[in-house]
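**Q** what follows is a predicted structure for the sequence shown.
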Amino acid sequence: MDQSERYRYNPSLHWNPQVEDYFCKAYGPQAFSRISKALTRPSCYSCIRVNTLKATTESVIEKILEIQHEKKLQDALNNLHTNADKSVEVSKTVNGSTAETSPVFKCPIPGLDYVVFLKGSGPHDIQYDYQQDRPPKEVIVSRKCAEAVLRGAQVYVPGILACSAHVEKGDKVAVSVGVEQPGRNGEWATGITRGIVLQGLKTGKQLVVIIFLIV
């Protein structure tokens, strides 16, 4: 495999042949192909359960919108230019786009009014800036850690299986998933010893690069 292809998020699902045949007959080949592709991407929605003994659904929604607005405002201030006209334009964008770009709403299903839906952004095109002579530093994490990253979590030490040498604070790294593979005795394992340093590790089927992360 071309190493430049490794640093792209383009996973695919491999179904049991009998299961795949069943779903192809049920949904049709094209529809099932779209379903399979969609399942490789994280959901754009997050669900929040509100503890109604301590807060109301409306107050939680208001707090989330407030946090979103503050973050957009801070991002705008960080990119603020000295040009006064641009400053006004940025301010108007922040004040007018919160509800449209990141809607937060109560679950419409009766009896589930304590559930809040938060729509994220995306999908986004991830650029890995791969160079043949300077591949990015890499961190391999467990599957459970990777699933959390796809839902917006940070990577913490317990989830790391291995990494490149000399990874320092502020480095941009490619995060790969150590996907479990079936062993001879029926057990599932990544085949990666926790704590090893990556040195010229070749691409295997058990590795899937998912995202860039600032550590």
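**A** Right, received. Where do you want to start?

**Q** need the CA coordinates for the top helix by length along the chain. CSV is fine.
**A** Identified as the longest helix of the chain according to DSSP state H is helix 57-78. Coordinates of each C-alpha in helix 57-78 appear next as CSV, following Å, rounded to 0.1, in the frame of the first residue of the first chain:
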residue,chain,number,x,y,z
THR,A,57,-34.3,20.5,29.7
GLU,A,58,-34.8,24.2,28.7
SER,A,59,-32.0,25.4,31.1
VAL,A,60,-29.6,22.8,29.7
ILE,A,61,-30.3,23.8,26.2
GLU,A,62,-29.8,27.5,27.1
LYS,A,63,-26.5,26.7,28.8
ILE,A,64,-25.2,24.7,25.8
LEU,A,65,-26.2,27.5,23.4
GLU,A,66,-24.4,30.0,25.7
ILE,A,67,-21.2,27.9,25.7
GLN,A,68,-21.4,27.6,21.9
HIS,A,69,-21.8,31.3,21.5
GLU,A,70,-18.8,32.0,23.8
LYS,A,71,-16.6,29.6,21.9
LYS,A,72,-17.6,31.2,18.6
LEU,A,73,-16.9,34.6,20.0
GLN,A,74,-13.5,33.5,21.3
ASP,A,75,-12.6,32.0,18.0
ALA,A,76,-13.5,35.2,16.3
LEU,A,77,-11.5,37.2,18.7
ASN,A,78,-8.5,35.0,18.1
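
**Q** and the closest residue to Tyr114 other than its chain neighbours, how many neighbours does it have?
**A** Spatial nearest neighbour of Tyr114, chain neighbours left out: Val50 (4.7 Å); criterion: Cβ to Cβ, 6 or more residues apart in numbering. Quick note: C-beta positions are derived from backbone N, CA and C, even for glycine. Val50 is flanked by 18 other residues according to other Cβ atoms under 10 Å.

**Q** could you pull out the strands for this structure?
**A** For the chain, the strands defined by DSSP state E cover 45-49, 104-106, 115-119, 137-142, 160-164, 172-178, 181-182, 188-189, 196-198, 207-214.

**Q** can I get these in CSV with mean neighbour count and distance to Arg34?
**A** Formatted as CSV, the strands of the chain follow (neighbours: other Cβ atoms under 10 Å; distance: least, Cβ to Cβ, whole Å):
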stretch, mean neighbour count, distance to Arg34
strand 45-49, 12, 18
strand 104-106, 16, 26
strand 115-119, 16, 21
strand 137-142, 21, 28
strand 160-164, 19, 33
strand 172-178, 21, 23
strand 181-182, 11, 27
strand 188-189, 10, 29
strand 196-198, 13, 35
strand 207-214, 17, 20
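
**Q** and the longest helix of the chain, what does it pack against?
**A** helix 84-101, strand 104-106, strand 115-119 (3 or more Cβ pairs under 8 Å, 6 or more residues apart in numbering; DSSP states H and E).

**Q** of the ones you listed, which shows the lowest average pLDDT?
**A** Sorting the helices and strands packed on helix 57-78 by mean pLDDT places helix 84-101 lowest, at a mean of 41.

**Q** look up how far Pro103 lies from the residue most central in space within the chain.
**A** Most central in the chain under Cα atoms, centre = their mean is Leu150, positioned 2.4 Å from the mean C-alpha point. Taking Cβ to Cβ, to the nearest Å as the measure, Leu150 falls 21 Å from Pro103.
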